[in-house]
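S.K.: here are the coordinates; sequence isn't available:
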């Protein structure tokens, strides 16, 4: 996780009900709820490359890119060819 900020606004201590474990459990529950509300995103490196293919193969190439979790960052049709700049997460061995 990056850029995580947590602020405790209120709390109290009771001799009977409070223990180190109860505060630990409360903090874990608060973190889980906060992460769920925040909608975290997995950060991973992206490999950028340029691809040029004939128009006839554009659909297949885009399908392959999407199948490998790639994202098309831009497309430029040129003289019957499609020039594309996809971004891919690196392969995992």
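M.R.: Perfect, I can see it now. No experiment lies behind these values; they were computed from the predicted model shown.
S.K.: and the contacts of stretch 25-43?
M.R.: 1, 2, 6 (C-beta atoms under 8 Å, 6 or more residues apart in numbering). Heads up, the C-betas are built off the backbone N, CA and C, glycines and all.
S.K.: got TSV for these, with pLDDT and distance to residue 60 too?
M.R.: Converted to TSV, the contacts of stretch 25-43 look like this (pLDDT from 0 to 100; distance: C-beta to C-beta, whole Å):
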residue	pLDDT	distance to residue 60
1	76	38
2	77	37
6	78	48
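S.K.: kindly indicate which of those lies nearest residue 75.
M.R.: Taking C-beta to C-beta as the measure, residue 2 is the one of those closest to residue 75, at 31.2 Å.
S.K.: for the closest one, which non-adjacent residue is spatially closest?
M.R.: residue 43 (7.1 Å; C-beta to C-beta, 6 or more residues apart in numbering).
S.K.: check the secondary structure at the one you found for me.
M.R.: State at residue 43, reduced to three classes by DSSP: H, G, I helix; E, B strand; the rest coil: coil.
S.K.: which SSE is residue 74 in?
M.R.: strand 71-78 (DSSP states H and E).
S.K.: low-confidence stretches in the protein?
M.R.: Residues of the chain that meet the criterion pLDDT under 70 lie in 79-84, 86, 88, 90-93.
S.K.: what segments of it are strands?
M.R.: 47-48, 51-54, 71-78, 81-88 (DSSP state E).
S.K.: out of the ones you listed, which one sits most buried?
M.R.: Ranked by mean neighbour count, the strands of the chain are led by strand 81-88 with a mean of 16 (mean count of other C-beta atoms under 10 Å).
S.K.: follow-up on the earlier one: counting contacts, what elements does the strand holding residue 74 pack onto?
M.R.: helix 58-67, strand 81-88 (3 or more C-beta pairs under 8 Å, 6 or more residues apart in numbering; DSSP states H and E).
S.K.: repeat the analysis, applying 6 Å as the threshold.
M.R.: Strand 71-78 sits against strand 81-88, with contacts defined as 3 or more C-beta pairs under 6 Å, 6 or more residues apart in numbering; DSSP states H and E.
S.K.: longest helix of the chain?
M.R.: Longest helix of the chain, by residue count under DSSP state H: helix 20-38.
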